[in-house]
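**Q** Quick one, what's the 3D model for this:
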Amino acid sequence: MKLLCVRHPQPAIAPGHCYGASDVPVAEAELARVHAALAGAGLPGALPVYASPLQRCSLLARRLQPCALRLDARLAEMDFGAWELRPWSGIARVEVDAWAADLLHYRPGGAENVLDVAARVAAFVGDLRTSSYSGAPGGTGGDGPCGEPAGQAQALLLCHAGTIRLLAALATGLPLEQAALQAAATPHRIGYGEIVALDC
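**A** Take a look at the predicted model:
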């Protein structure tokens, strides 16, 4: 199964702020820029689209007018709890150091940890590999949401850098904890609107 993962457009928030699960807006010009880039990228037609429900992903997903669209909270970015919408420079150094010392289990801001996010992303991938998403409106013959055989389709995912790093780590076949640790330790180099192709 091939997943074409697209990171959301740049949100309208000041640089240097933590905004994992916060539903920050996207400027129309930025949304149009990424949409135009994707339209010119030669993506395969009639792909089912799965997106994080956060508007920086869902607005772009709807603009693509997919044959089938599902918003799935399991694709959302990590929830940073009390850290959300705060400048990184305003978060106590001792808290950041505690997270760095235990990337897997520490809960930044008292919310999710990396293992929590990895588990929900892995569950999403597991559903894609089965018929769990079969029978969606718009099918044309197969069991998948666009008429393709369930569990064998390509799909387009509109999500977040953290989610994409986890998907990439899981695609290597690593056990959940190792995949989560690899994703957490991977430098953040995924650009806004960038496409990352994965075989899962």
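
**Q** okay, CA-based contacts and neighbour counts for the rest of this
**A** Will do.

**Q** Only the C-alpha atoms, please, for the helix or strand bottoming out on mean pLDDT in the chain, written as PDB.
**A** The weakest-scoring helix or strand in the chain, judged by mean pLDDT, DSSP states H and E, is strand 68-71 (a mean of 90). Output of strand 68-71 as PDB, limited to C-alpha atoms (Å, rounded to 0.1, in the frame of the first residue of the first chain):
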ATOM      1  CA  ALA A  68     -13.800  10.200  -0.900                       C
ATOM      2  CA  LEU A  69     -12.700  12.100   2.100                       C
ATOM      3  CA  ARG A  70     -12.500  10.900   5.700                       C
ATOM      4  CA  LEU A  71     -11.400  13.100   8.600                       C
END
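
**Q** Parallel or antiparallel, list what pairs with it.
**A** Paired neighbours of strand 68-71 in the sheet (DSSP bridges): strand 48-51 (parallel).

**Q** can you list contacts of the strand it pairs with?
**A** 57-58, 61, 66-72, 75, 145-146, 154-159 (C-alpha atoms under 8 Å, 6 or more residues apart in numbering).

**Q** Which neighbouring residues are in contact with Leu31, exactly?
**A** Contacts for Leu31 (C-alpha under 8 Å, 6+ apart) come out as Pro9, Leu59, Leu60.

**Q** between those residues, which has the most around it?
**A** Neighbour tally across the contacts of Leu31 (other C-alpha atoms under 10 Å): the maximum, 27 neighbours, falls on Pro9.

**Q** doesn't it fall inside a helix?
**A** No. Secondary structure of Pro9 (DSSP: H, G, I helix; E, B strand; the rest coil): coil, not part of a helix.
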